[in-house]
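*Asks:* sequence? don't have it. structure:
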């Protein structure tokens, strides 16, 4: 089993859940760094993974989705400077902990995770995707796991519809139809989550919906009589959205010679980072315990 960690989710979670008065000697906030380090240390102690990678987002401006649709995620405020600084420190800690990590200016962490899922399958490894992001559920196959660490827990392939309305293979189509306000993807006007779910349950996929527009009136949803015409009118929008909601599984990733196998932590580098950040003994001792595992 390989574990693929969606780092940004846990950096943001720490930033918004840890006290913002946690600062270093220069007055710089370190709440996101502290929370992320604790999460990653807890994960390593609990799981002791044989294969693990931590994937970071790098640039919204140069992402290939922004080239397709400039309004992609344009509804989000830029990360504040104090959080950007801590993202760099979280990346620094991940490297010092001996974990394979990467980012790419043209791909999101989702795409890097998707690529490593694909690589793992070719090499005979199942994947556990550690995240809270519903988009990544589309990568889950029958032997894989979606793990909302410290949240809803592990979700197997068969359980995905209980949490996300549709099967993993349908999630990108679902988001293309219903839209995704979090990522500023409009989808088809007038098609909400209930209608998108009903369409996919009836036809199976976005392509099959559009191949059977003359039968859309048979779907048991409000406004079914006019739904086919609405879908036809906004086909271009749906297909554009589908380019945005699908995860790329062919991103260029340079793996270290050791691959996804954890390496012994560099305790000197960790302590130097913690000295700079004014972080005390609890996380240092945890890093030592992680070091003892390898």
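*Replies:* On my side now, so go ahead. If you're wondering where the values come from, they're calculated on a predicted model, not measured in any experiment.

*Asks:* Now do stretch 121-134, average pLDDT.
*Replies:* In this model, stretch 121-134 has an average pLDDT of 96.

*Asks:* List the buried residues for that stretch?
*Replies:* Along stretch 121-134, these residues count as buried under the neighbour rule (16 or more other C-beta atoms under 10 Å): 121, 125, 127-134. In short, each C-beta sits where N, CA and C put it, glycine included.

*Asks:* One more: stretch 157-170?
*Replies:* Within stretch 157-170, the residues that count as buried by 16+ other C-beta under 10 Å are 157, 160, 164-168, 170.

*Asks:* Please list the members of these that lie in helices.
*Replies:* Applying DSSP state H to those, the entries found in helices are 160, 164.

*Asks:* Now do the closest residue to residue 87 other than its chain neighbours against residue 150, distance only.
*Replies:* Residue nearest to residue 87 in three dimensions, not counting chain neighbours: residue 11, with 6.0 Å by C-beta to C-beta, 6 or more residues apart in numbering. For residue 11, the distance to residue 150 (C-beta to C-beta, to the nearest Å) stands at 14 Å.

*Asks:* try residue 192
*Replies:* Taking C-beta to C-beta, one finds residue 192 at 30 Å from residue 150.

*Asks:* After the helix or strand encompassing the residue nearest to residue 87, which helix or strand is next?
*Replies:* Remark: residue 11 resides in helix 7-17, with elements defined by DSSP states H and E. Using DSSP H and E, the helix or strand that follows helix 7-17 towards the C-terminus is helix 31-47.

*Asks:* Buried ones in that following helix, by neighbour count?
*Replies:* So helix 31-47, judged by 16+ other C-beta under 10 Å, has buried residues 31-41, 43-44.

*Asks:* Most widely separated two among those residues?
*Replies:* Spanning the widest gap among the buried residues of helix 31-47 are 31 and 44, at 20.7 Å by C-beta to C-beta.

*Asks:* ok so, going back, what's the closest of the buried residues of helix 31-47 to residue 208?
*Replies:* residue 43 (39.4 Å).

*Asks:* quick one, what contacts residue 283?
*Replies:* 34, 37-38, 41, 274 (C-beta atoms under 8 Å, 6 or more residues apart in numbering).

*Asks:* Mind putting those into CSV with pLDDT?
*Replies:* As requested, these are exported to CSV (pLDDT from 0 to 100):
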residue, pLDDT
34, 97
37, 98
38, 97
41, 97
274, 97
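
*Asks:* Residue 34 and residue 14 touch, don't they?
*Replies:* Yes. If you go by C-beta atoms under 8 Å, residue 34 and residue 14 touch, sitting 7.0 Å apart.

*Asks:* what's the most distant pair in the buried residues of stretch 157-170?
*Replies:* 157 and 165 (14.8 Å).

*Asks:* counting contacts, what elements does the helix holding residue 11 pack onto?
*Replies:* helix 31-47, helix 81-96 (3 or more C-beta pairs under 8 Å, 6 or more residues apart in numbering; DSSP states H and E).

*Asks:* the residue most distant from the middle of the protein, which is it?
*Replies:* Distance to the chain centre peaks in the chain at residue 225, reaching 37.0 Å (criterion: C-alpha atoms, centre = their mean).

*Asks:* Which helix or strand lies directly C-terminal to the helix or strand harbouring that residue?
*Replies:* Element membership of residue 225 [criterion: DSSP H and E] is helix 224-233. Once helix 224-233 ends, the next helix or strand along the chain (criterion: DSSP H and E) is helix 235-245.

*Asks:* Pull out the buried positions in that following helix.
*Replies:* By neighbour count on 16+ other C-beta under 10 Å, the buried set for helix 235-245 is 237-238, 240-242, 244-245.

*Asks:* which one of these sits closest to residue 65?
*Replies:* residue 244 (5.2 Å).
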